[in-house]
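Colleague: This is the structure alone, sequence omitted:
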């Protein structure tokens, strides 16, 4: 324990670190006395000295790529503005009514651009609100905090106040909030009364999407067609699930949502899990009962279902507390039965 060798006539002795005979010292040359153990700084520190954290932290320098994008965007904006200005001047030079028509169309285009910007900002804010609400309800359920759960559920009721299909669930949940005390139970009741109809519809959306993918990839002659069909169907499913749970993202919001879905898949290892599960089922006799193309379609359908499951977890404004949420096994049985009905080999 010390920097120097102990005396040769001293027998090895074991000490607990909280023993009163254990002493801390910075002097590595000090020799321990009888019945004493010395712990030096060299023993506490790592065997090899480490560099400071700043050595591995990227330095914040000039972001030339950001400057490039800002400059190009500004030049494009100026070019468009000058082109419109030149066009309107030419129209006025021809005749006044053409000039005023050009002005009106330019104003209409500007209003449309402003509306698009406002819609994109509102969509991003709505998605952020849903993410924040889900985290708040998860924390309230974990801590069994009734006050935090009530605040979060009031925000959830506000989110669905314009949805007629949630009227019955909102009424039941409002009654529970006046009676139930436990925060975790409140979140469970919200999941049962308010979100369960939406969850059921979300499962239908994912199941139908998986069926379409399995059929298209089974009958299409080209791999490129398979890829485009799967990509289109997955993006369509993510957008529909977001609208179902109240997200309604714009273009930028949708890209952000798709990024979150892919991140969720990466964190949970969902693609690998779905692939191994599909391979396991296909290896236990399903491949012998289905044609090769339709078996491949089933695998693609299962992977599409896995992406849908991740999209449900990202788009849903509340966590799954009472249960674990949908799993790939929930879709496998129906998807396999559907594939067997559509398989020409099985029919013959």
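Modeller: On my side now, so go ahead. Here the structure is a predicted model, which is why all the values come from computation and not from measurement.

Colleague: what about residue 298, distance to residue 213?
Modeller: According to CB to CB, to the nearest Å, residue 298 and residue 213 sit 10 Å apart. Every residue, glycine included, has its C-beta placed from N, CA and C.

Colleague: Repeat that for residue 158.
Modeller: 36 Å.

Colleague: neighbour-wise, which of the two wins?
Modeller: In this view residue 158 and residue 213 are compared by other CB atoms under 10 Å, and residue 213 has more residues nearby, 28 against 12.

Colleague: you'd agree that one is in a helix?
Modeller: Yes. Assessed by DSSP: H, G, I helix; E, B strand; the rest coil, residue 213 belongs to a helix.

Colleague: what sits against it?
Modeller: With contact taken as CB atoms under 8 Å, 6 or more residues apart in numbering, residue 213 is in contact with 229-230, 233, 297, 300-301, 304.

Colleague: Could you dump those into CSV and include neighbour count, secondary structure and pLDDT?
Modeller: Output for these, formatted as CSV (neighbours: other CB atoms under 10 Å; DSSP: H, G, I helix; E, B strand; the rest coil; pLDDT from 0 to 100):
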residue, neighbour count, secondary structure, pLDDT
229, 18, helix, 79
230, 20, helix, 82
233, 23, helix, 86
297, 28, helix, 72
300, 23, helix, 79
301, 31, helix, 81
304, 27, helix, 84
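
Colleague: tell me the pLDDT at the spatially most central residue of the chain?
Modeller: The centroid of the chain falls nearest to residue 260 when counting by CA atoms, centre = their mean (3.2 Å). If you check residue 260, the pLDDT there is 77.

Colleague: ditto for residue 1
Modeller: 45.

Colleague: can you check the one 10 residues further on too?
Modeller: pLDDT, residue 11: 63.

Colleague: Surely residue 177 and residue 152 touch.
Modeller: No. With contact defined as CB atoms under 8 Å, residue 177 does not reach residue 152; the gap is 10.7 Å.

Colleague: next one: phi and psi at residue 179?
Modeller: Residue 179 adopts backbone torsions of phi -120, psi -40, taken as degrees, to the nearest 10.

Colleague: quick one: contacts of the particular helix or strand that has residue 184 in it?
Modeller: Here residue 184 is covered by helix 183-190, with elements defined by DSSP states H and E. Defining contact as CB under 8 Å, 6+ apart, one finds that helix 183-190 is touched by 137, 140-150, 152-153, 156, 172-173, 176-177, 180, 318-319, 321-322.

Colleague: Show me those that map onto helices.
Modeller: 137, 140-143, 146-150, 152-153, 156, 172-173, 176-177 (DSSP state H).

Colleague: And those residues, which of them are buried?
Modeller: Applying a neighbour-count criterion of 16 or more other CB atoms under 10 Å, the buried members of the ones in helices among the contacts of helix 183-190 are 137, 140-141, 146, 148-150, 152-153, 156, 173, 176-177.

Colleague: out of the residues you listed, who's nearest residue 113?
Modeller: residue 156 (33.5 Å; CB to CB).

Colleague: mind listing the helices for the stretch 51-200 of the chain?
Modeller: 64-94, 96-143, 146-159, 167-177, 183-190, 196-219 (DSSP state H, counting those that start in this stretch).

Colleague: Tell me the buried residues in the last one?
Modeller: Applying a neighbour-count criterion of 16+ other CB under 10 Å, one finds 198-199, 202-203, 205-207, 209-218 buried in helix 196-219.

Colleague: Kindly report the same for the shortest one.
Modeller: With burial defined by 16+ other CB under 10 Å, the residues of helix 183-190 counted as buried are 183-190.
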